[in-house]
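In: Sequence unavailable; structure follows:
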């Protein structure tokens with residue numbers, strides 16, 4: 001089992017969108033461990049994507065549908 005885990009997420013950035021060799025440090029990390037494709041939840045924004053990754057549920061369950069928050073009690 002690995003001693004350390006590095007979870008690097010860059011919402012909306014796909015591995016094939018990066019020019020090969022342009023991110024040499026990430027290539028090194030990938031070579032030492034691995035890389036996985038992640039199909040983000042819709043909408044593909046930071047908060048819903050991270051919540052989906054952490055909870056394993058979609059926005060309809062975890063409730064985050066955007067990067068802005070609305071307080072129902074304060075109505076803002």
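Out: Now that the structure is in, tell me what you want to look at. This structure is a prediction, so every number in the text was calculated from the model and none was measured.

In: which stretches of the chain have low pLDDT?
Out: 1-2, 11, 15, 38, 40 (pLDDT under 70).

In: mind running it again at 90?
Out: Judged by pLDDT under 90, the chain has its weakly predicted residues at 1-54, 56, 58-60, 62-73, 75-76.

In: now the helices for it?
Out: 24-32, 46-55, 59-62 (DSSP state H).

In: Any buried residues in the longest one, and which?
Out: By neighbour count with 16 or more other CB atoms under 10 Å, helix 46-55 contains the buried residues 47, 48, 49, 50, 51, 52. For glycine as for every other residue, the C-beta is placed from the backbone atoms N, C-alpha and C.

In: which among these gets closest to residue 75?
Out: Checking the buried residues of helix 46-55 against residue 75 with CB to CB, the nearest one is residue 47 at 20.3 Å.

In: Please name the residues that touch that closest one.
Out: 64, 66, 67 (CB atoms under 8 Å, 6 or more residues apart in numbering).

In: before we move on, back to that, what would the buried residues of helix 46-55 look like in JSON lines with distance to residue 21?
Out: Below are the buried residues of helix 46-55 laid out as JSON lines (distance: CB to CB, whole Å):
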{"residue": "47", "distance to residue 21": "32"}
{"residue": "48", "distance to residue 21": "32"}
{"residue": "49", "distance to residue 21": "27"}
{"residue": "50", "distance to residue 21": "28"}
{"residue": "51", "distance to residue 21": "33"}
{"residue": "52", "distance to residue 21": "31"}
